[in-house]
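Participant: Fold the following, please.
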Amino acid sequence: MIRLRHLLPTVVVTVGLFGPASAAQGGWVTITNDTKQVLVIQETGGPLNRPIRGKAIKLQPGETYREYQLLGGSRNIVIAEAGVPNAPLAQEKLTWDKADAAFSVKTDGKKIVLAGGAEKKETTAVKK
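Facilitator: Numbering: from 1, shown residues only. Model (predicted):
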């Protein structure tokens, strides 16, 4: 039989561990390769005359990379073709808020661009 004096601390500990559902919000930053070529995406930082490169992420066509970020932020990235990682196709800056952010690497036939993130999508109201 459970005594009431043991029930209250158990409830307090359980709520304290799991917390309210609103505290579980996080920001997933996703990058999708919407081109037909294998790409390497790499973070860069440091001074302009001597950039420091981070871990390279290889994305196959149609593949998505996801990373959890607790807070909003920004990163400079370099996008290159997998066969020639030292010749960048594009250099972009990712910027995101606390909420989820989705970026897409696309091509217009001539150059590679990174779309998404802070772009506002227009919505139109439908009248009945």
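
Participant: Need the pLDDT of P85.
Facilitator: In this model, P85 is scored at 77, pLDDT.

Participant: Repeat that for G116.
Facilitator: 82.

Participant: what kind of secondary structure is the nearest residue to it once chain neighbours are set aside in?
Facilitator: Closest residue in space to G116, ignoring its immediate chain neighbours: F103 at 4.3 Å, by CB to CB, 6 or more residues apart in numbering. Backbone N, C-alpha and C define where each C-beta goes, glycine included. Following DSSP: H, G, I helix; E, B strand; the rest coil, F103 is assigned to strand.

Participant: Next, the contact list for F103, please.
Facilitator: Shown in contact with F103 (CB atoms under 8 Å, 6 or more residues apart in numbering): V29, T30, I31, T32, L94, L114, A115, G116, G117.

Participant: Tell me how many other residues crowd the third one.
Facilitator: Counted with other CB atoms under 10 Å, the burial measure for I31 works out to 24 neighbours.

Participant: Pairing partners for it in the sheet, please.
Facilitator: For I31, the beta-bridge partners are Y65, F103 (DSSP bridges).

Participant: And A56, how far from A87?
Facilitator: Distance of A56 to A87, given as CB to CB, to the nearest Å: 14 Å.

Participant: Who has more neighbours out of those two?
Facilitator: More crowded of A56 and A87, by other CB under 10 Å: A56, with 13 against 8.

Participant: What about K93, how many residues nearby?
Facilitator: K93: 10 neighbours (other CB under 10 Å).

Participant: Under a three-state scheme, what state does it occupy?
Facilitator: Of the three states, K93 takes strand according to three-state DSSP.

Participant: Tell me who's in contact with it.
Facilitator: Here K93 is in contact with S74, R75, N76, I77 (CB under 8 Å, 6+ apart).

Participant: Neighbour-wise, give me the winner out of these.
Facilitator: I77 leads those on contacts (other CB under 10 Å) with 21 neighbours.

Participant: Name every strand pairing with the helix or strand that contains that residue and say which way it goes.
Facilitator: Using DSSP states H and E, I77 sits within strand 73-81. Here strand 73-81 has these sheet partners by DSSP bridges: strand 39-45 (antiparallel), strand 84-96 (antiparallel).

Participant: No further queries at this time; thank you.
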